[in-house]
Structure formats: C-alpha cells, structure tokens
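Visitor: Below are the sequence and a predicted model; questions follow.
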Amino acid sequence: QVQLAESGGGLVQAGGSLTLSCAASGGTGSGLGVGWFRQAPGKEREFVARLLINRWGIGSTYYADSVKGRFTISRDSAKDTVYLQMNSLKPEDTAIYYCARGKTRTSVNIAENYDYWGQGTQVTVSS
C-alpha cells in the first residue's frame, strides 16, 4: 500500500515562500511521478504541478499557468520525496495542498489520473 505524507504548510505573508514536502512509502513509492493539487474553500480541486518520471527515470515538469515561474517541483529520489517550492505567494494561493501519485504519463492535470493521495496540508497566504 502506497502512502503519501505532505508537510510544510503554514501561514505566510504575501510575497513570501514556503516549501512543501511529499514523502512516499510502501508499494512502488512515487512510481510514475508525483503531482500537486490544491483546493480552496468553495472551489474545485485544481492541478498545480507534476513531476513526470519517464521509463528511463528522467523527470520532466509541468505547471499550471497560475503558478508557472513562481513554483518549482523537484525530487530527492534517494528519499523518494517530492518538493514544491513556492515563491512570491499570493492570497489566491491559499488552499489545502495535496500530493498524489500519478498512474499515467498523460493528462497530468486530471485528478482521475492519480491513484494515491496524501491527507493534505494547509497553506494560508495573508495579504
């Protein structure tokens, strides 16, 4: 059974930075790569970023337009941990952030293409 555990959320002022971590354990770990989604109150869950691992173990990254240039997804393969570095945070980035393991290499922005999810970590950006 794969388990994902997020950490690193918190309260930060606009313009500040946070780094979220997602540690994978069990089964085949992070498999095809891990993605980040977020859900703000009253809104649907939305795609944030994905680290896609190809068959040669090389990663490529994908980002939602709303975070491109501000957020960076990376991994420590030895720890099977994926990070989301978030810079220049805005109040509209406030949400619960979830990491999830991708089960396909296509349509990385679709939540149904992820099979295991973490419990989420709250990020609050004050203005």
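Guide: Arrived safely, thanks for sending. Numbers count the residues shown, from 1 in each chain.

Visitor: Which helix or which strand is home to the closest residue to Leu89 other than its chain neighbours?
Guide: The shortest distance from Leu89 to any residue other than its chain neighbours is 4.6 Å, reached at Val125 (Cβ to Cβ, 6 or more residues apart in numbering). All C-beta atoms are positioned from the backbone trio N, CA, C, and that covers glycine. For Val125, the host element (DSSP states H and E) is strand 121-126.

Visitor: Same question for that strand: list its buried residues.
Guide: Across strand 121-126, burial judged by 16 or more other Cβ atoms under 10 Å covers Thr121, Val123, Val125.

Visitor: ok, now which ones touch the residue positioned nearest the centre of the chain?
Guide: Of all residues in the chain, the one closest to the mean position by Cα atoms, centre = their mean is Trp36, 2.2 Å from it. Trp36 sits next to 20, 22, 47-50, 73, 82, 84, 97-100 when contact means Cβ atoms under 8 Å, 6 or more residues apart in numbering.

Visitor: By neighbour count, which of those residues wins?
Guide: Per-residue neighbour counts (other Cβ atoms under 10 Å) across these peak at Cys99, which has 31 neighbours.

Visitor: Test my guess that Gly16 contacts Val125.
Guide: Yes: look at Gly16 against Val125 with Cβ atoms under 8 Å: they come within range, at 7.4 Å.

Visitor: re the thing from before, with pLDDT and distance to Ser60 added, can I get the buried residues of strand 121-126 in TSV?
Guide: Converted to TSV, the buried residues of strand 121-126 look like this (pLDDT from 0 to 100; distance: Cβ to Cβ, whole Å):
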residue	pLDDT	distance to Ser60
Thr121	97	24
Val123	98	25
Val125	98	28
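
Visitor: ok, which stretches of this protein are strands?
Guide: In the chain, the strands defined using DSSP state E lie at 3-7, 10-13, 18-25, 34-39, 46-53, 59-63, 71-76, 81-86, 95-102, 114-117, 121-126.
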